[in-house]
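K.L.:
sharing a model prediction with you, sequence too.
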Amino acid sequence: LRAARPTAGARASRALRARVALAGAEGGDESGAGDAALRLLRRSEAFVLNSVARSLRAAEESLAELGRRHAALGDARPWDGSELLLDEAALPTGERSLASTLAAASAAAAAAAAAADAADVAGGGGRAAERPPSAQPERGALASQLPEWAALEAHAASLRDVHLRELLADTERSAALFVPHRTGERDGEIAADFSRHKLTKRTLELLVRLAEAMGLRGKLRGLFRGELMNGTERRPVLHTALRAAPSDGAVFVDGTDVMPEVLASRQRVADFARDVRSCRRVGCTGRPLRNVVVVGIGGSSLGPAFLYEALRATHLYEQLDGVQLRFLANIDELDAARAIAQLDAAETLVVITSKTFRTRETLINGCTLRTWLRTQLRGQASDEQIDSSHIAACTADAAAAERWGVSRALTFAFWEWVGGRFSVTSSVGQLPIALAFGPEVFDEFLQGARDIDRHCLTAPFERNLPVLMGLLGLWNLNFQNHTARAIFPYCEALWRLPAHVQQVEMESNGKRVSTHGRLLDFHAAEVTFGEPGTTGQHSFFQLLHMGQTVPADFIGFAQSPGELAFEHTAVALDGCAVSHHDELMANFFAQPDALARGCTAAELRALGVSDELVPHRTFPGDRPSTVLLMPRLTAFAVGQLLALYEHRTAVQGFVCGVNSFDQWGVELGKELAQEVRAQMRAARSSGEPPRCALPSTARLLARYLELAAQTPPPTALAGGGARLPSADSAAVRECVGETEDEVCVLET
Ligand SMILES: O=P(O)(O)OC[C@H]1O[C@](O)(CO)[C@@H](O)[C@@H]1O
């Protein structure tokens, strides 16, 4: 199947090129007709590639469906279609029909290849009028203007007086809303329970209709295929290519297959990590590089930090082998001081992670750490030797990294078509994780993400976890009016997951206009927050039970990572042994029920609660949640969770019709900070009060300058001057586009 796609596509493409060349030669026109021919060529090529990919995808979907049916038969063996096909005689009777259906799917694939051949001959023009799969039903229409939206509104009104208690009493409904996802992987199961949402079968039908009307299936395919999904930045969005397997076939960006480059980069990072871990590559004094400080912010930090925190809590901590990984994100100097506290510079590798290599916080922190390295290692090696042994970079702008002073040999790529907050499966996550645990662990993480990628692309919407999560997000947000949502991993190891998902969701879907620039009259994203259970219960759960309704995701594991990493822990309480994990999970199961069922006044009275206290102790319930139960925390499971939340965000964004892949909302604050900086400098040098657009800001800034003048100048971070060497000042200036004077503010 996969081999057919590039071959058929390339063949069709060659035929078209020949046809256009011929047309050009016949017309004898070198300019106008040539351009038109080129445009025609591009359109025809896109059409051919899309139709080939569509046909192949249909066949792949049949295969995936077969895989699910195979799993449903209860066979514990991993799904392997080819084995099933070849070994038909050995199959139990019940599975023979599956084998014949599989053969039919193969025939469909062959038909797809034949269709591509036909397109080859026809030049791709035959069905040019067919709507591309990612097109909107009506150009520019907001989701809220569609009849499907109105139907959902009417339906939501009909559910207004139905309490979740009533819905949960329906066992058939609850069973239908229990959606298990199984893979061939031993620990790859995700049991998702959506029964605690205020919905019926009809709700799901209507949500799916809205999704279809907004072209969700086509948009998901477009995402995976490298179509231009980020319109304002004119880019495809291909984080899924980062975890594709070599056998997954070609992924085209501007007519070029990016997979060879992706795979080569993956190999290069893995080789580098192996060299460092085995001490084939050492620091400039010959000592092993045991400490890694990742300097980056936002998407260049949150994803890898979440991943590292999760993995180091599992049995994988044994593979750390003394490696310490730290993350430096904030420009607050305390963060830098903490990042290097007690580290030996001779054993430290600084990894500067920045897609753009223009983010001020990252560049300034990078300069500070470079100064620290050079100061600490002075006399043992030259500055050049120090830099080229101790500073690496992950960036989409290798030239900027080089200008800043990172050697090309230690610069690892990712690409413009990878969004920062979706970059953890690129070198951004791979380099630190492979250095810490070894490249194989990162590969396992990629496999988990790939598993959910395939599921998202092929499973029917009604059984598709990220699609259901995205649609329910939309339902709770716009039809139930719950503008916040929470994520509660009952697993301390996942303590950074909420922060990562918060960026993925809020930066992606926190938008005010549609992809067509029209003002939304609904919300595309919720306020997202979270904290591990049970600590959150003793902090803000009061509000969740009795204040506003906040739909929540509860994530739990059957097995404790702690039990794998450390000795099994249990204490005897009231004569019975209670493990920490059972205690944790008892709460995990209880909280979603408490939120859904609540506790009525009648129940309280029956328990003998005094009339005076009854109103204070009544729980309204009717509060929705999703429960995700997984076997145990592994690199594979973490990859699944990552992809689940990434695709949930994409689904919600697609159905809302927004561009989930740009982030213009972060720019204004950055620009105003530039003005404030200039005012600080001007006021300090002239002694005049600062001038700001708002008098309130001018007053505060004046007070700040007054107070700051009374505090002593900055002290050295550790054993060296905090002053940036002039080369660094120049580098910062160049990278952030400032004048010398402005950089002096940093130095003083
Ligand atoms: O990787 P970079 O280019 O340094 O950007 C860091 C972060 O800054 C942002 O652009 C927001 O300011 C995020 O989208 C991004 O993850």
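P.N.:
That came through fine. Residues are numbered from 1 along each chain as shown.

K.L.:
and the gap between Asn478 and Thr203?
P.N.:
Distance of Asn478 to Thr203, computed by CB to CB, to the nearest Å: 13 Å. All C-beta atoms are positioned from the backbone trio N, CA, C, and that covers glycine.

K.L.:
I should have written Gln447 there, sorry.
P.N.:
Relative to Thr203, and taking CB to CB, Gln447 is found at 34 Å.

K.L.:
one more: Gly470?
P.N.:
To Thr203, Gly470 is 14 Å away according to CB to CB.

K.L.:
looking at those two, which is more packed in?
P.N.:
Neighbour count, other CB atoms under 10 Å: between Gly470 and Thr203, Gly470 has more, with 28 against 20.

K.L.:
where does the stretch 101-250 of the chain dip in pLDDT?
P.N.:
The stretch 101-250 of the chain contains residues with pLDDT under 70 at 101-138, 185-186.

K.L.:
one more: the stretch 451-600 of the chain?
P.N.:
Using pLDDT under 70, the flagged stretches of the stretch 451-600 of the chain are 562-570, 572, 574.

K.L.:
repeat the analysis, applying 90 as the threshold.
P.N.:
Along the stretch 451-600 of the chain, the parts satisfying pLDDT under 90 run over 560-580.

K.L.:
any idea how far Ala143 lies from the ligand?
P.N.:
25 Å (CB to the nearest ligand atom, to the nearest Å).

K.L.:
residue contacts, that residue?
P.N.:
Taking CB atoms under 8 Å, 6 or more residues apart in numbering, we find Ala143 in contact with 149, 210, 214, 522, 655-657.

K.L.:
then Leu199?
P.N.:
159, 167, 177, 472, 475.

K.L.:
am I right that it is in a helix?
P.N.:
No. The assignment for Leu199, made by DSSP: H, G, I helix; E, B strand; the rest coil, is coil rather than a helix.

K.L.:
gap between it and Leu544?
P.N.:
Leu199 is 19 Å from Leu544, where distance means CB to CB.

K.L.:
just the helices from the stretch 451-600 of the chain, written as ranges.
P.N.:
Secondary structure of the stretch 451-600 of the chain (DSSP state H, counting those that start in this stretch): helices at 465-474, 497-509, 541-546, 561-565, 580-597.

K.L.:
enumerate every residue touching Glu261.
P.N.:
Residues in contact with Glu261 (CB under 8 Å, 6+ apart) are 413, 415.

K.L.:
ok, now with 10 Å
P.N.:
241, 253, 413, 415 (CB atoms under 10 Å, 6 or more residues apart in numbering).

K.L.:
out of these, which is most surrounded?
P.N.:
Most neighbours among these, by other CB under 10 Å: Ala241, with 28 neighbours.

K.L.:
ok, and the closest non-adjacent residue to the residue in the stretch 101-250 of the chain positioned nearest to the ligand?
P.N.:
At 11.3 Å from the ligand, Glu233 is the closest residue in the stretch 101-250 of the chain, using CB to the nearest ligand atom. Leaving aside its sequence neighbours, Glu233 sits nearest to Asp662 (CB to CB, 6 or more residues apart in numbering; 5.4 Å).

K.L.:
ok, Phe412 next?
P.N.:
Among residues not flanking Phe412 along the chain, Ser427 sits closest, at 3.9 Å (CB to CB, 6+ apart).

K.L.:
kindly report the same for Asn587.
P.N.:
Per CB to CB, 6+ apart, closest to Asn587 is Thr534, 4.8 Å.

K.L.:
how far away is the one you found from the ligand?
P.N.:
Taking CB to the nearest ligand atom, one finds Thr534 at 31 Å from the ligand.

K.L.:
how about Val323?
P.N.:
According to CB to the nearest ligand atom, Val323 and the ligand sit 23 Å apart.

K.L.:
same thing with Tyr317?
P.N.:
Tyr317 is 28 Å from the ligand, by CB to the nearest ligand atom.

K.L.:
that residue: neighbouring residues, count only.
P.N.:
16.

K.L.:
tell me the secondary structure at it.
P.N.:
helix.

K.L.:
what's the answer for Ala191, then?
P.N.:
On the three-state scheme (three-state DSSP), Ala191 is labelled strand.

K.L.:
tally of neighbours for the closest residue to it other than its chain neighbours?
P.N.:
Closest residue in space to Ala191, ignoring its immediate chain neighbours: Leu629 at 4.4 Å, by CB to CB, 6+ apart. Using other CB under 10 Å, Leu629 is surrounded by 19 other residues.

K.L.:
hang on, Leu629 in a strand?
P.N.:
Yes. Counting by three-state DSSP, Leu629 is found in a strand.

K.L.:
how much space separates it from Gln640?
P.N.:
For Leu629, the distance to Gln640 (CB to CB) stands at 13 Å.

K.L.:
mutual contacts of these two, please.
P.N.:
Between them, Leu629 and Gln640 share these contacting residues under CB under 10 Å, 6+ apart: 189-190.

K.L.:
re the thing from before, the contacts of Leu199 also near the ligand: which ones?
P.N.:
Among these, no residue lies close to the ligand (CB under 6 Å from any ligand atom).

K.L.:
could I get these as a markdown table with neighbour count?
P.N.:
Compiled in a markdown table, the contacts of Leu199 are given as follows (neighbours: other CB atoms under 10 Å):
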| residue | neighbour count |
| --- | --- |
| Leu159 | 16 |
| Leu167 | 20 |
| Leu177 | 22 |
| Leu472 | 25 |
| Trp475 | 24 |
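
K.L.:
for the closest residue to Val666 other than its chain neighbours, give me its contacts.
P.N.:
Once flanking residues are discounted, Val666 sits nearest to Glu507: 7.3 Å by CB to CB, 6+ apart. By CB under 10 Å, 6+ apart, the residues touching Glu507 are 298-299, 419-421, 525, 649, 660-663, 665-666.

K.L.:
in helices only, show me these.
P.N.:
Among these, the members falling in helices (DSSP state H) are Thr649.

K.L.:
just the buried ones from the contacts of Glu507?
P.N.:
Among the contacts of Glu507, those buried by neighbour count (16 or more other CB atoms under 10 Å) are 298-299, 419-421, 525, 649, 660-663.

K.L.:
so Tyr281 sits against Arg287, correct?
P.N.:
You called it Tyr, but residue 281 is Arg. No. Using CB atoms under 10 Å, Arg281 is not in contact with Arg287; the gap is 11.5 Å.

K.L.:
which one's more surrounded, the two?
P.N.:
Neighbour count, other CB under 10 Å: between Arg281 and Arg287, Arg281 has more, with 17 against 14.

K.L.:
distance of that one from Leu410?
P.N.:
Separation of Arg281 from Leu410 (CB to CB) stands at 9 Å.

K.L.:
repeat for Thr256
P.N.:
Distance, Thr256 to Leu410, by CB to CB: 26 Å.

K.L.:
near the ligand, which residues of the stretch 401-550 of the chain?
P.N.:
Residues of the stretch 401-550 of the chain lying near the ligand (CB under 6 Å from any ligand atom): 420-421, 507.

K.L.:
again, only this time at 8 Å
P.N.:
Within the stretch 401-550 of the chain, the positions near the ligand by CB under 8 Å from any ligand atom are 419-421, 423, 428, 503, 507.

K.L.:
which pair of these spans the longest distance?
P.N.:
Val428 and Glu507 (15.5 Å; CB to CB).
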